[in-house]
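**Q** Fold the stuff below for me.
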Amino acid sequence: MCLFSAIHSSTDSALASENKHISSLINFFKLLLLFATFGFIFYKLFYAYHLNDLLSSSSSFNPKRHEFLFFVPAVLLSTGNWMLEASKWRLLINKYEYISFPNAIKAVLSGVSLSIITPNQIGDFAGRIIHLKKFNKIKGTLVTIIGHAAQMFMTAAFGFYALVWLLDDQQQLKELPANYIYFLLFVLIVLSVWAFLNIKYLSRLSFNQKIVDYLSVFSHYKRSELMQVLMLSFLRYSIFVCQYYLLLYFYGVAVKPDQAFVCIIATLCVQSFVPSFILVELGMRGASALWFFGMYTGNVTGILLSAYTLWIINLMIPGLLGLGIIMRWRFLK
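**A** Below is the predicted model:
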């Protein structure tokens with residue numbers, strides 16, 4: 001009995017020592033993440049985006065009181081944006097592990113925090129699945145991909161139409177070929193929606209047994225549930241477009257509504273599909289906005305400020321909130 005007690009005590013001591021080392025290592029990575037995030041944001045704002053130079057050079061920008069009515073909704077819509085994303089992720093995850101809406105919000109914000117400092121936003125997956133307690137992390141990542149795929153589909157479906165419209169409007173494409181491309185895009189969209197609503201067939205692909213087990217997560221969603229995911233993705237996409245338009249008006253970018261919306265949609269499409277390391281190196285976020293809006297207006301400062309403000313309210317601020325959540329989150333009980 002004494003021997004058993006001694007062994008038990010020794011084991012507890014060893015586990016406590018190991019947990020202490022792991023906890024110290026985790027705290028180190030948390031601190032590293034903190035510095036990396038703030039360093040990245042500082043770089044983005046003042047070196048990649050030159051936000052201070054833009055604000056100082058925008059001497060003509062003097063918004064009137066009523067024009068702030070366009071800025072405030074653009075900021076507030078960011079809350080609706082992430083609430084919709086949390087609802088979408090919760091709808092998908094609750095199939096396997098119950099997660100409350102507040103915890104879903106925390107998971108989504110944690111994902112935003114990690115996504116802004118990782119290539120192609122791959123950190124978003126890690127930021128979310130660390131909040132799962134029971135569900136397999138790899139399967140949780142695959143479930144998260146379903147939501148990402150729906151969002152990317154919206155961006156691509158509207159974006160490609162906008163790109164063709166711009167080519168047609170700029171007389172770079174004749175009317176007949178444009179109509180053929182519109183029809184082809186429509187067929188591709190219909191096929192893509194059908195494929196998404198039948199995602200369960202991915203679980204029947206003939207891989208080795210371990211991969212089949214992971215892919216089985218796709219087989220448990222009804223078409224009605226996947227349609228809800230598409231609708232929530234559409235609502236999120238609509239918010240992005242509305243925010244962009246409100247910011248353009250706030251910064252005095254004089255563009256016709258139809259031209260503005262098409263340029264917004266095309267810009268969001270390019271930004272989504274260009275690898276993120278290029279966004280960092282070449283400032284593609286601002287460059288893509290200038291490329292499209294420059295066809296209709298010469299207000300360079302207003303275009304850039306709109307693009308960068310959208311990044312601040314939709315990614316930087318939520319990312320900082322998510323960073324606070326990660327800093328307080330316990331890896332070890």
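**Q** Might one say that Gly286 is in contact with Leu310?
**A** No - Gly286 is beyond contact range of Leu310, at 10.9 Å (criterion: CB atoms under 8 Å). All C-beta spots, glycine's among them, are computed from the backbone N, C-alpha and C.
**Q** Could you pull out the helices in the stretch 101-250 of the chain for me?
**A** 101-115, 123-129, 137-169, 175-197, 209-215, 223-250 (DSSP state H, counting those that start in this stretch).
**Q** Going by mean pLDDT, which of the ones you listed comes out lowest?
**A** Among those, helix 209-215 carries the lowest mean pLDDT, a mean of 79.
**Q** Can you dump the C-alpha atoms of that helix in PDB for me?
**A** Taking Å, rounded to 0.1, in the frame of the first residue of the first chain, the C-alpha atoms of helix 209-215 are listed here in PDB:
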ATOM      1  CA  GLN A 209      -9.900   3.700 -44.400                       C
ATOM      2  CA  LYS A 210      -8.500   6.500 -42.200                       C
ATOM      3  CA  ILE A 211      -9.200   9.100 -44.800                       C
ATOM      4  CA  VAL A 212     -12.700   7.700 -45.400                       C
ATOM      5  CA  ASP A 213     -13.300   8.000 -41.700                       C
ATOM      6  CA  TYR A 214     -12.400  11.700 -41.700                       C
ATOM      7  CA  LEU A 215     -14.400  12.400 -44.900                       C
END
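**Q** Tell me the buried residues in stretch 140-157?
**A** 140-144, 146-147, 149-157 (16 or more other CB atoms under 10 Å).
**Q** One more: stretch 260-274?
**A** So, applying 16+ other CB under 10 Å, buried residues of stretch 260-274: 260-271, 274.
**Q** Could you tell me which of those residues belong to helices?
**A** Among these, DSSP state H puts 260-271 in helices.
**Q** Tell me the one of these nearest Ser110?
**A** The shortest approach to Ser110 among those belongs to Gln271, at 22.4 Å (CB to CB).
**Q** quick one: which of the ones in helices among the buried residues of stretch 260-274 is nearest to Thr118?
**A** For those, the nearest to Thr118 is Gln271 (16.2 Å; CB to CB).
**Q** From Lys137, how far out is the residue nearest to Met227 when sequence neighbours are not counted?
**A** Leaving aside its sequence neighbours, Met227 sits nearest to Leu197 (CB to CB, 6 or more residues apart in numbering; 6.7 Å). As judged by CB to CB, to the nearest Å, Leu197 and Lys137 stand 26 Å apart.
**Q** Equivalent analysis for Val241, please.
**A** Distance from Val241 to Lys137, by CB to CB: 34 Å.
**Q** How many neighbouring residues does Lys174 have?
**A** Using other CB atoms under 10 Å, Lys174 has 10 other residues around it.
**Q** ugh, wrong one, I meant Ser110
**A** When neighbours are counted by other CB under 10 Å, Ser110 comes out with 27.
**Q** then stretch 137-152 to CSV, C-alphas only?
**A** The C-alpha atoms that make up stretch 137-152 are tabulated as CSV, following Å, rounded to 0.1, in the frame of the first residue of the first chain:
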residue,chain,number,x,y,z
LYS,A,137,-9.7,18.4,-34.5
ILE,A,138,-9.0,17.1,-38.1
LYS,A,139,-12.7,16.5,-38.6
GLY,A,140,-13.4,19.9,-37.1
THR,A,141,-11.1,21.5,-39.7
LEU,A,142,-12.9,19.7,-42.5
VAL,A,143,-16.3,20.9,-41.2
THR,A,144,-14.9,24.4,-41.1
ILE,A,145,-13.8,24.1,-44.7
ILE,A,146,-17.5,23.6,-45.7
GLY,A,147,-18.3,27.1,-44.4
HIS,A,148,-15.2,28.6,-46.1
ALA,A,149,-16.2,26.9,-49.4
ALA,A,150,-19.6,28.4,-49.3
GLN,A,151,-18.2,31.9,-48.7
MET,A,152,-15.7,31.5,-51.5
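**Q** picking that back up, now the ones in helices among the buried residues of stretch 260-274 in a markdown table, please, with extra columns for pLDDT.
**A** Converted to a markdown table, these look like this (pLDDT from 0 to 100):
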| residue | pLDDT |
| --- | --- |
| Ala260 | 94 |
| Phe261 | 95 |
| Val262 | 95 |
| Cys263 | 95 |
| Ile264 | 96 |
| Ile265 | 96 |
| Ala266 | 94 |
| Thr267 | 93 |
| Leu268 | 93 |
| Cys269 | 92 |
| Val270 | 88 |
| Gln271 | 85 |
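**Q** which residues sit in contact with Tyr245?
**A** Residues near Tyr245 by CB atoms under 8 Å, 6 or more residues apart in numbering: 257, 260-261, 264.
**Q** contacting residues for the residue nearest to Met227?
**A** By CB under 8 Å, 6+ apart, Leu197 lies in contact with 223, 226-227.
**Q** Show me the strands in the stretch 1-150 of the chain, by range?
**A** In chain order, the stretch 1-150 of the chain shows no strands, with DSSP state E, counting those that start in this stretch as the criterion.
**Q** any low-confidence regions in it?
**A** Where the stretch 1-150 of the chain drops to pLDDT under 70, the residues are 1-67.
**Q** Try it again at 80.
**A** Where the stretch 1-150 of the chain drops to pLDDT under 80, the residues are 1-69, 117-121.
**Q** circling back to that earlier point, between the ones in helices among the buried residues of stretch 260-274, which is closest to Trp82?
**A** Using CB to CB, these come closest to Trp82 at Leu268, 16.8 Å.
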